[in-house]
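Peer 1: Have a look at this prediction, sequence included:
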Amino acid sequence: MRYALNLRDDGRILSATFEKYATKDMPLVDTLPEDDISDYIYQNGEYIHAPLPRPEVVKTVTTDDVLNTLLGVTE
C-alpha cells in the first residue's frame, strides 16, 4: 500500500491519503511516520522530524471565576 502526501510549500506534511486519491503533484511514499505526521517535513525523499512549538495551554475563565472575583470569594 502506498500513500500520497499533501505538503505545504516548505515541505511540511499537512495530511496523507491513499494513493488512489492522490493528485499528480503529491509525492508517493511506502510508509508514514509513526507519530504526528504534521511534525515532519518531507524533502528529497526523506522525513525530517521538525516539530513546531506547541502553544501554551491557557486556563479559560469561567463565569463562576468572574463572579467569585467580583464577590471576593476565594477557594
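Peer 2: Now that the structure is in, tell me what you want to look at.
Peer 1: mind listing the helices for this protein?
Peer 2: Here the chain has its helices, by DSSP state H, at 63-71.
Peer 1: what ranges do the strands span in it?
Peer 2: With strands called from DSSP state E, the chain shows them at 3-7, 13-18, 28-29, 40-43, 46-49.
Peer 1: Only the buried residues of the longest one, if you could.
Peer 2: The neighbour-count check on strand 13-18 (16 or more other C-beta atoms under 10 Å) flags 13, 16 as buried. In short, each C-beta sits where N, CA and C put it, glycine included.
Peer 1: For that strand, which strands pair with it and how are they oriented?
Peer 2: As defined by DSSP bridges, the strand partners of strand 13-18 come to strand 3-7 (antiparallel).
Peer 1: Check the third one too.
Peer 2: The strands that strand 28-29 pairs with in its sheet are strand 3-7 (antiparallel) (by DSSP bridges).
Peer 1: Just the C-alpha atoms of the partner strand, please, in CSV.
Peer 2: What follows is strand 3-7 as a C-alpha-only set of coordinates in CSV (Å, rounded to 0.1, in the frame of the first residue of the first chain):
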residue,chain,number,x,y,z
TYR,A,3,0.3,6.9,0.5
ALA,A,4,0.2,10.3,-1.1
LEU,A,5,1.4,13.3,0.9
ASN,A,6,-0.2,16.7,0.9
LEU,A,7,2.6,19.2,1.6
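Peer 1: Give me the contact list for that strand.
Peer 2: 13-19, 21-23, 26-32, 42 (C-beta atoms under 8 Å, 6 or more residues apart in numbering).
Peer 1: Repeat the analysis, applying 10 Å as the threshold.
Peer 2: 11, 13-32, 37, 40-43, 47 (C-beta atoms under 10 Å, 6 or more residues apart in numbering).
Peer 1: Could you tell me how many residues sit around the residue nearest to Leu67 when sequence neighbours are not counted?
Peer 2: Distances taken as C-beta to C-beta, 6 or more residues apart in numbering put Val73 closest to Leu67, at 7.7 Å, once the chain neighbours are dropped. For Val73, the neighbour count with other C-beta atoms under 10 Å is 10.
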